[in-house]
Each structure stands twice: as C-alpha cells, then as structure tokens.
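Novice: 3D, please:
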Amino acid sequence: QVQLVESGGGLVQAGGSLRLSCAASGRISSIVGMGWYRQVPGNQRELLASINNARTPSYYVDSVRGRFTISRDNDKNTAYLEMNSLKPEDTAVYYCNKVGPARTLWAWGQGTQVTVSS
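Specialist: Next up is the predicted model:
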C-alpha cells in the first residue's frame, strides 16, 4: 500500500504563493494519474488538478486553472502543486492521491493546511 505525505502548506496573504509536495512511500508507475484534492470542513473533498504523463494535458478545475500548476517527478515518487495568486477561498486542507474511482484510491495522508488571509 502506498503511503502519502503532503507538506508545504502554511499561512499566506492573498495574492501570495505556496508550493505543496506529496511524497509517496512506494514506487508509483508513471502511468498512474496523480491528483491534488482539497477539502473544506463540511464539504466533500474535491479534485483540483491531475496529471498523467508528459503527453497528456493536465486537468484543472475552473476555480484554479491559470493559478495552480501540477507536476510530478517520477524518479522521486513526488507530486507538486505550485499555487499562485492565492485567494481566501483557497483555504482548505490539501491532499494528494491517484485519480480514479473512490474504491481504487490509496489511503489518504494527513494533508497539509493552507490558509489564505485577506
């Protein structure tokens, strides 16, 4: 079972930037799509962005497209989320996992808290 550890969150002012990292304990095949998700208390966890391989365009939800960039380093088993022009509504706990049906996902990590002040 792959274990996921997210890091890089913190408190930032609106308009600021953060870079999140997601380290996986095991080898992740490059054909496995990886995604970043976020969850606000009381809401469902939502998929923000996903990446498959260099040949496939990444997916972004409308609310983050143009501001967030997902990337991955298969040699390091790590996924990244570069977040720019942060807004208060981006405040949430951010998680990574693979993309696919819920029953196929790995166990969730602890996530990393992102708080954007206005």
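Novice: Does residue 35 touch residue 94 like I think?
Specialist: No: using CB atoms under 8 Å, residue 35 makes no contact with residue 94, being 11.0 Å away. In short, each C-beta sits where N, CA and C put it, glycine included.
Novice: Could you tell me which residues touch both of the two?
Specialist: Applying CB atoms under 8 Å, 6 or more residues apart in numbering, one finds that residue 35 and residue 94 are jointly contacted by residue 48.
Novice: and residue 37, what are its bridge partners?
Specialist: Taking DSSP bridges as the rule, residue 37 bridges to residue 47, residue 95.
Novice: How many neighbouring residues does the residue nearest to residue 59 when sequence neighbours are not counted have?
Specialist: Nearest residue to residue 59 in three dimensions, chain neighbours excluded: residue 50, at 4.6 Å (CB to CB, 6 or more residues apart in numbering). Using other CB atoms under 10 Å as the criterion, residue 50 is surrounded by 21 other residues.
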